[in-house]
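[1] Curious how this folds, go ahead:
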Amino acid sequence: MKTHPLALALSFAAMLAVAAAVRWRGHHAAPDDIAPIGRAEHRQRSSDVNATALQMAARPRDEIARWLSTLPLSERDKALSILVAESGKSDPLLALEHALRIQSPALRDECAGLAMAYLYERDPHGALERMMAESNPAIRAAMAKRLLPALAESHAEDAIGLLATGTLDDASHFPTLVANVVQRWAQKDPVAAAGWITTIEEPDLRASSAAALAAVWMQRDPGQMEEWLSAHPDQPNVADLLRARPGRDSMKNHQEDASHAETYAPDDTIVSEPCGDDPPQDD
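    Sure thing, here's the model as predicted:
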């Protein structure tokens with residue numbers, strides 16, 4: 001017996017409807033049904049990759065490269081950031097190689113800065129030479145963020161000299177970098193730092209540097225700062241230091257200024273912050 005064409009059409013339409021419903025169910029499954037499992041699997045996978053990266057840090061280069069090639073991009077960048085933190089302790093230049101292979105620009109720059117911080121602890125001169133030779137402005141700026149405040153602790157004039165070369169002017173955080181250097185310098189020789197600030201021609205940079213100096217100087221030796229200001233009434237641009245000075249008799253102003261100083265303060269140790277989220281912890 002022949003099936004009527006209309007019946008066949010209706011049957012085919014019903015099959016399509018069932019298939020569409022199945023597809024819709026697959027795409028719109030309740031999040032509560034699948035999300036917990038997905039999150040747990042993701043956490044476990046991330047933990048496994050992190051643990052493997054810690055173990056791979058001591059392996060030969062070719063073995064590390066083969067393992068990295070098996071990872072998706074998102075996991076590869078995280079693994080490389082762990083390799084930077086681990087390799088930097090024994091081989092900073094290898095750590096820098098790992099850092100420069102990271103695809104994410106922000107994470108790459110951060111990890112390159114960390115690698116150079118490790119190198120600076122071993123070879124300050126070599127680290128600074130490598131920083132100034134870096135052709136990528138963003139990477140060079142990230143290196144400077146780590147290195148120059150540390151350099152300023154012992155050789156402030158050298159740090160200022162590097163800032164004055166103009167090779168770091170395009171860094172978005174350049175004013176903060178200058179302020180960090182000024183504050184480290186102010187811990188040793190605030191008078192010299194004050195004299196240099198008065199030579200800065202750019203008004204906003206001069207004002208932010210003066211604020212950084214005043215915050216430290218008022219805590220370190222407010223009397224000395226007052227004497228310097230009184231002795232240099234005609235010093236060019238000294239008004240910036242006067243404006244940055246906290247109120248003489250106001251403890252509230254002094255405390256606020258001390259709080260302001262903390263916004264500029266660099267890390268206590270040059271390698272105190274590993275790059276990337278959830279950095280590996282030492283045993």
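[2] Just the element for residue 67, please.
    helix 61-69 (DSSP states H and E).
[3] for the protein, which spans come out with low pLDDT?
    1-45, 169-172, 235-237, 239, 242, 244-274, 276-283 (pLDDT under 70).
[4] if we can go back for a sec, after the helix holding residue 67, which helix or strand is next? Please name it.
    helix 73-87.
[5] can you pull the alpha-carbon coordinates of that next one into CSV?
    Only the C-alpha atoms of helix 73-87 are listed here, as CSV (Å, rounded to 0.1, in the frame of the first residue of the first chain):
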residue,chain,number,x,y,z
LEU,A,73,48.0,28.1,24.1
SER,A,74,46.3,29.1,27.3
GLU,A,75,48.0,26.4,29.3
ARG,A,76,51.3,26.9,27.5
ASP,A,77,51.6,30.6,28.6
LYS,A,78,50.8,29.6,32.2
ALA,A,79,53.4,26.8,32.1
LEU,A,80,56.0,29.2,30.7
SER,A,81,55.4,31.7,33.5
ILE,A,82,56.1,28.9,36.0
LEU,A,83,59.2,27.9,34.2
VAL,A,84,60.4,31.5,34.3
ALA,A,85,59.9,31.7,38.1
GLU,A,86,61.7,28.3,38.6
SER,A,87,64.5,28.6,36.0
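[6] before we move on, the earlier item: quick check: which helices or strands does the helix holding residue 67 pack against?
    Judged by 3 or more C-beta pairs under 8 Å, 6 or more residues apart in numbering; DSSP states H and E, helix 61-69 is in contact with helix 31-56, helix 73-87. Every residue, glycine included, has its C-beta placed from N, CA and C.
[7] Show me what counts as buried in the last one.
    Residues of helix 73-87 classed as buried by neighbour count (16 or more other C-beta atoms under 10 Å): 75-87.
[8] ok, these vs residue 120, which is closest?
    Using C-beta to C-beta, residue 84 is the member of those that lies nearest residue 120, at 14.5 Å.
[9] and that closest one, how far is that from residue 53?
    According to C-beta to C-beta, to the nearest Å, residue 84 stands 10 Å off from residue 53.
[10] which residue sits closest to residue 200, ignoring its sequence neighbours?
    Residue nearest to residue 200 in three dimensions, not counting chain neighbours: residue 206, with 3.9 Å by C-beta to C-beta, 6 or more residues apart in numbering.
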